[in-house]
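In: what's the 3D shape of this:
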Amino acid sequence: MNVSAFTEAHGVMQDVPIVTAATAFDDEKKGITYILILGQCIYMGDHMNNSLLCPNQLRAHGMIVDDCPRHLAPADRPSTHSISSPEEEFTIPLLLKGVTSYFTSRTPTIQELETCRWIILTNEHD
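Out: Residues are numbered from 1 along each chain as shown. Just a heads-up that it's a prediction; the model follows:
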């Protein structure tokens, strides 16, 4: 797949692979590490330090994405500012840096891949 930024100044990256990826999320409140599985991801390798998630791709797989910061939510509809799955009883609280919602994840260890609970955030087929 060819990938381009929102501006032509960055040019086009050609033959960027589409992959199924795994990242580790440490739930500090529960003391649990989850392996988050992301299907149909653009693999940028060393070209980016961060991973970008598509909220609509998460929603298409049944995840609830509440990306409205709590302080901007209307009083009659408070925000959870999180990504959650009611089926999995799983929630990732989101943080805010400037105008960007985010959460911290990291490369999982082999042991974590083999022993931690996997949560599929996006479908690898559709």
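In: unless I'm mixing things up, Ser105 is touching Asn50, no?
Out: No: the criterion here is C-beta atoms under 8 Å, and Ser105 misses it with Asn50 at 9.6 Å. No exception for glycine: its C-beta is placed from N, CA and C like everyone else's.
In: Quick check on the two: which one has the bigger neighbour count.
Out: Ser105 (19 against 9; other C-beta atoms under 10 Å).
In: hang on, Trp118 in a strand?
Out: Yes: judged by DSSP: H, G, I helix; E, B strand; the rest coil, Trp118 forms part of a strand.
In: so it bridges to which residues?
Out: Here Trp118 sits in beta bridges with Ile35, going by DSSP bridges.
In: ok, now how distant is it from Thr104?
Out: 18 Å (C-beta to C-beta, to the nearest Å).
In: what sits against Cys41?
Out: 18-21, 51, 122 (C-beta atoms under 8 Å, 6 or more residues apart in numbering).
In: quick one: contacts for the residue nearest the centre of the chain?
Out: Centroid-nearest residue in the chain, with C-alpha atoms, centre = their mean: Leu53, separated by 4.4 Å. Contact criterion C-beta under 8 Å, 6+ apart gives 38, 121-122 as the residues in contact with Leu53.
In: Same check on Cys68?
Out: Per C-beta under 8 Å, 6+ apart, neighbours of Cys68: 79, 81.
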